[in-house]
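Q: build me a model from this:
(one chain, ligands or ions: 1)
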Amino acid sequence: MSTFQAPKGTYDLIPPRSAKFLAVREAISAPLKNSGYGYIETPGFENVELFARGVGESTDIVSKEMYAFETKGGTKLALRPEGTASVLRAALEANLHKAGNLPVKLWYSGSYYRYERPQAGRYRHFSQVGAEAIGAEDPALDAELIILADQAYRTLGLREFRILLNSLGDKECRPVYRDALQEFLRELDLDEDTRRRIEINPLRVLDDKRADVQKQLVGAPMLRDYLCDACKAYHEEVRELLTAAGVAFEDDEKLVRGLDYYTRTTFEFVHDGLGSQSAVGGGGRYDGLSEMIGGPELPSVGWALGVDRTVLALEAEGIELELPASTSVFAVPLGEEARRVLFGVVTELRREGIATDFAFGGRGLKGAMKSANRSGARYAIVAGERDLAEGVVQIKNMESGEQSAVALGLVVEELRRRLAS
Ligand code: AMP
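A: So this is what the prediction gives:
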């Protein structure tokens with residue numbers, strides 16, 4: 001193993017590609033900031049108990065994929081595998097739900113950790129931007145979140161994504177369905193692991209990707225037929241609000257998602273250019289989660305969009321984001337005196353908000369001009385002893401190659417004028 005190798009299942013974000021990650025985070029968070037969501041940041045690790053209770057002991061995320069460890073002080077912690085449980089924990093701790101302003105709307109952005117088998121689009125460290133609306137049961141809130149995610153993806157220029165939508169029922173109707181499903185599944189010819197899953201989390205069996213399992217699932221009782229009237233009406237309202245907003249979705253009655261806490265509305269954003277790891281984001285309503293982690297009843301809804309997979313989706317669609325040029329002006333000094341003078345000009349340009357870089361390291365004209373070219377700057381400013389003696393600096397248009405002398409005192413103003421046109 002090379003010393004310079006990132007741990008398995010991880011990778012570094014490196015320029016210029018890293019700029020896309022920043023742009024994606026910005027594009028996903030912009031509609032949230034514009035819709036009453038406040039920024040929240042929680043620790044990268046939590047007491048392991050929070051995820052065990054919140055995400056669910058029976059889920060792969062908790063039982064197989066969690067980075068759990070014991071501190072030197074004997075506390076059992078886990079690197080966060082997802083954001084919702086932590087955000088709800090933080091909101092309860094800060095009593096945000098008692099401030100009398102429900103729902104509490106929060107957004108976050110950060111790193112998450114799952115010990116998964118790495119493959120394209122699936123990593124052990126990945127990054128999400130998420131949103132949670134805590135403490136209100138209102139189909140418009142579910143619709144709002146889906147619409148905002150759709151808006152984020154559309155502003156990025158993504159087209160080949162689909163929204164899958166389902167309702168998982170509530171504490172009235174889901175148990176009845178669960179019993180019926182278990183009864184059906186127990187009669188099938190399944191391996192030990194899957195049989196165990198029938199007893200712990202039977203809905204997950206519906207999600208099994210294996211063809212021989214899927215074949216046996218034909219004729220399985222469907223949740224749709226068991227939804228109570230309240231859940232049906234709620235779901236219908238969400239669907240109508242999405243339709244009215246012009247947001248297309250597909251009803252997917254097999255969509256169950258990998259976390260135990262979901263109730264009613266669940267959805268996933270899938271992208272058709274990503275192969276097997278096609279889910280770019282997902283979420284849903286989690287009306288029971290607060291109580292599961294020891295809080296009061298707080299019906300809530302949220303989503304998390306994967307930044308890594310969103311970048312892959314952009315690349316799959318061949319979308320080039322219009323990123324602001326990282327450097328507009330590049331300064332090339334020829335000689336000691338010029339170095340001091342131009343460095344001063346660079347500082348002034350930067351204070352004016354003009355993206356500027358400098359040829360460091362005292363290289364010759366040729367090497368420095370190469371750096372100017374690579375930087376993508378529109379203008380280079382070049383000065384040697386003779387220029388300084390005349391009180392001027394050369395401004396070179398990097399595209400046309402044209403060069404003209406400008407009085408030192410007017411360089412900043414002149415560049416601002418030229419860059420604005
Ligand atoms: P989940 O909580 O599993 O629904 O994850 C929400 C989103 O996070 C997914 O749709 C992915 O975009 C992203 N995500 C989850 N797990 C991974 C992973 N191991 N590697 C990369 N992205 C992931």
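Q: next, give phi and psi for the residue nearest to G36 when sequence neighbours are not counted.
A: Once flanking residues are discounted, G36 sits nearest to K105: 5.1 Å by Cβ to Cβ, 6 or more residues apart in numbering. C-beta here means a position set from N, CA and C on the backbone, and glycine is covered the same way. In terms of degrees, to the nearest 10, the main-chain angles of K105 are phi -110, psi 120.
Q: gap between K105 and L164?
A: K105 sits 24 Å away from L164, going by Cβ to Cβ, to the nearest Å.
Q: tell me where the stretch 151-300 of the chain has helices.
A: Secondary structure of the stretch 151-300 of the chain (DSSP state H, counting those that start in this stretch): helices located at 174-186, 192-200, 202-205, 211-216, 229-244, 289-292.
Q: buried sites along the helix or strand of the chain with the lowest mean pLDDT?
A: Lowest by mean pLDDT, DSSP states H and E among the helices and strands of the chain is helix 60-63, with a mean of 85. Neighbour counts over helix 60-63 (16 or more other Cβ atoms under 10 Å) mark D60, I61, V62 as buried.
Q: from those, pick the one nearest G391.
A: Among those, I61 lies closest to G391 (Cβ to Cβ), at 66.8 Å.
Q: spell out which parts of the stretch 251-400 of the chain neighbour the ligand.
A: G258, A279, V280, G281, G282, A304, G306, D308, R309 (Cβ under 6 Å from any ligand atom).
Q: got it, and the stretch 101-250 of the chain?
A: Residues of the stretch 101-250 of the chain found near the ligand (Cβ under 6 Å from any ligand atom) are R114, E116, R122, Y123, F126, Q128.
Q: which residue is it, in the protein, that comes closest to the ligand?
A: Taking Cβ to the nearest ligand atom as the measure, the chain has G306 as its residue closest to the ligand, at 2.0 Å.
Q: isn't that residue right up against Y123?
A: No: using Cβ atoms under 8 Å, G306 is not in contact with Y123, being 9.5 Å away.
Q: with neighbour numbers in mind, choose between the two.
A: Using other Cβ atoms under 10 Å as the criterion, G306 and Y123 rank with G306 on top: 26 against 21.
Q: what's opposite the more buried one in the beta bridge?
A: Beta-bridge partners for G306, by DSSP bridges, are Q128.
Q: among the residues of the stretch 251-400 of the chain next to the ligand, which ones are buried?
A: Burial by neighbour count, 16+ other Cβ under 10 Å: within those this picks out G258, A279, V280, G281, G282, A304, G306, D308, R309.
Q: surely the last one forms part of a helix?
A: Meaning R309. Yes: counting by DSSP: H, G, I helix; E, B strand; the rest coil, R309 is found in a helix.
Q: for it, which non-adjacent residue is closest in space?
A: Using Cβ to Cβ, 6+ apart, the closest residue to R309 is V280 (4.6 Å).
Q: what of the fourth one?
A: If you skip the residues right next to it in sequence, G281 has L305 as its closest partner in space, 3.4 Å away by Cβ to Cβ, 6+ apart.
Q: ok, the fifth one next?
A: Nearest residue to G282, sequence neighbours excluded (Cβ to Cβ, 6+ apart): E268, at 4.1 Å.
Q: wait, what's in contact with the one you found?
A: By Cβ atoms under 8 Å, 6 or more residues apart in numbering, E268 lies in contact with I163, L164, D252, L255, R257, A279, G281, G282.
Q: bridged to it, which residues?
A: Per DSSP bridges, the residues bridged to E268 are L164, G282.
Q: tell me how far it lies from E237.
A: With distances taken as Cβ to Cβ, E268 is found 20 Å from E237.
Q: tell me where the stretch 301-421 of the chain has helices.
A: 307-316, 336-351, 365-375, 385-389, 411-420.
Q: I meant to write the stretch 1-150 of the chain there.
A: So, for the stretch 1-150 of the chain - with DSSP H, counting those that start in this stretch - the helices run 18-33, 48-54, 60-63, 84-93, 139-155.
Q: ok, of those, where does mean pLDDT dip lowest?
A: Lowest mean pLDDT of the helices of the stretch 1-150 of the chain: helix 60-63, a mean of 85.
Q: that helix packs against which elements?
A: When contacts are defined as 3 or more Cβ pairs under 8 Å, 6 or more residues apart in numbering; DSSP states H and E, helix 60-63 sits against helix 48-54.
Q: contacting residues around K76?
A: Counting by Cβ under 8 Å, 6+ apart, K76 touches N47, V48, E49, A68, F69, E70.
Q: can you pull out the low-pLDDT segments for the stretch 151-300 of the chain?
A: In the predicted model, the stretch 151-300 of the chain carries pLDDT under 70 at residues 258-260.
Q: next, count neighbours for the residue lying closest to L217 once chain neighbours are set aside.
A: Excluding its sequence neighbours, the residue lying closest to L217 (Cβ to Cβ, 6+ apart) is L206, at 6.4 Å. Neighbourhood size, L206 [other Cβ under 10 Å]: 18.
Q: what's in contact with the least confident helix or strand of the chain?
A: Under Cβ under 8 Å, 6+ apart, the answer for helix 60-63 is F51, A52, V55, G56, E57, P81, E82, R114, G258, L259.
Q: does the first one touch P81 like I think?
A: Going back to what we said before, that points to F51. Yes: with contacts counted by Cβ under 8 Å, F51 reaches P81, the gap being 6.3 Å.
Q: show me the contacts for G367.
A: Applying Cβ under 8 Å, 6+ apart, the residues contacting G367 are A359.
Q: swap that for A6, sorry
A: Counted by Cβ under 8 Å, 6+ apart, A6 has contacts D12.
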